[in-house]
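S.K.: model the following, please.
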Amino acid sequence: MNIIAFLFIVISAVLHASWNLLAKKSRMSLAFYTVICSTAATLWLHTQLWTPVPIWKMPWQVLALIACSVASDVIYCKGLIHAYRKLEMSTAYPMMRSLPLVFTALITSFAGLGRPLSAVAILGMFVVFGGCLLMPMAKLSDFKLSNYFNKNILFILIVALGTTGYTIFDSQGQKALLAVHPELSKVMASISYYSTRGIILSTTLWICTCLSKEDLAIAKNFWLNRDKSPVLAGIFASLSYVLVLVAMNYVTNVSFVQAFRQMGLIFAMLAGIFILKERSTVPKVLGCALIVAGLILSVIK
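M.R.: Numbering: from 1, shown residues only. Just a heads-up that it's a prediction; the model follows:
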């Protein structure tokens, strides 16, 4: 893996775990996520004034991929709200991050998106997946399939499908943008893409929020109470995903981005234990070790 992609994803993983920690502490809601995405869109709105490809000049094929990405993001949001209301962060976060790794690898392999993954890389990703599955367990004897098939797994699957969707659509969207505008640098393409995506996503989420009296009241309370947590989470989320988008341009297969984003699990586990005072268990530590080992395997050529 390119060193630039690696560094960007490491920083992104820390930021991603940070905004999820804020979301968990503040009781995740559609209004909370709407403010997060609106903050992110506002931060990069200036891009529309100087990018060679503002929203009104964005190629239709790129806009179509952005629309698919936004739809996936809304699905992700719906699952995330329910997952964080039902489960501990140290339980939900590993499972929500691990399934997209497998889904993305399978879809990109079958669809022929990017360079084919080597057998060792695939093995490494499944080792990471195994580590992710271990982390939510209270003890090693709890590692049974029956523990994963319960009513809460539905919300985890919704999050995983949403994450897989927007990851693949955004990767293809940037490639489509660079194909139409090869004069753009990779960073410029990522920032331009993200700014347009942010406008469309935040607009969509505000429409959804305004259609719900409960969420509209929550959004008003953020303003009245001067609650800065969703704004801070939005800053973290924005910087996190911009780094991911840039990193996508430096890997041969977007599955590598999904794999290395799992480093956020380690930061999330530590945050859950030391900040949210959640339990520290042997499976969590062993799971972290497997994640690191799997990541090393996945980049061996």
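
S.K.: residue contacts, the closest residue to G114 other than its chain neighbours?
M.R.: Distance criterion C-beta to C-beta, 6 or more residues apart in numbering; nearest residue to G114, sequence neighbours excluded, is N253 at 3.6 Å. No exception for glycine: its C-beta is placed from N, CA and C like everyone else's. N253 makes contact with T108, L113, G114, R115, P116, L117 under the criterion C-beta atoms under 8 Å, 6 or more residues apart in numbering.

S.K.: one more time with 6 Å, if that's ok
M.R.: Counting by C-beta atoms under 6 Å, 6 or more residues apart in numbering, N253 makes contact with T108, G114, R115, L117.

S.K.: highest neighbour count among those residues?
M.R.: T108 (22 neighbours; other C-beta atoms under 10 Å).

S.K.: secondary structure class for that one?
M.R.: With DSSP: H, G, I helix; E, B strand; the rest coil as the basis, T108 sits in helix.

S.K.: so it touches S255, yeah?
M.R.: Yes. Using C-beta atoms under 6 Å, T108 makes contact with S255 at a distance of 5.4 Å.

S.K.: quick check: chain neighbours aside, which residue is closest to the one residue sitting closest to the centre of the chain?
M.R.: Among the residues of the chain, the one closest to the centroid is T163, at 5.8 Å (C-alpha atoms, centre = their mean). Residue nearest to T163 in three dimensions, not counting chain neighbours: P100, with 4.1 Å by C-beta to C-beta, 6+ apart.

S.K.: can you tell me the helix or strand for the one you found?
M.R.: Using DSSP states H and E, P100 sits within helix 89-111.

S.K.: and for A40?
M.R.: Following DSSP H and E, one finds A40 within helix 30-43.

S.K.: for that helix, buried residues please.
M.R.: For helix 30-43, burial by neighbour count (16 or more other C-beta atoms under 10 Å) applies to 30-41, 43.

S.K.: helix or strand right after that helix?
M.R.: Following helix 30-43 in sequence order, the next helix or strand is helix 47-50 (DSSP H and E).

S.K.: so which elements touch the helix or strand following that following helix?
M.R.: As assigned by DSSP H and E, the chain's next helix or strand after helix 47-50 is helix 60-86. Helices and strands touching helix 60-86, by 3 or more C-beta pairs under 6 Å, 6 or more residues apart in numbering; DSSP states H and E, are helix 153-180, helix 186-210.

S.K.: and the angle for helix 60-86 with helix 153-180?
M.R.: Angle, helix 60-86 to helix 153-180, by axes from the mean of the first three to the mean of the last three C-alpha atoms, to 10 degrees: 160 degrees.

S.K.: all set, thanks.
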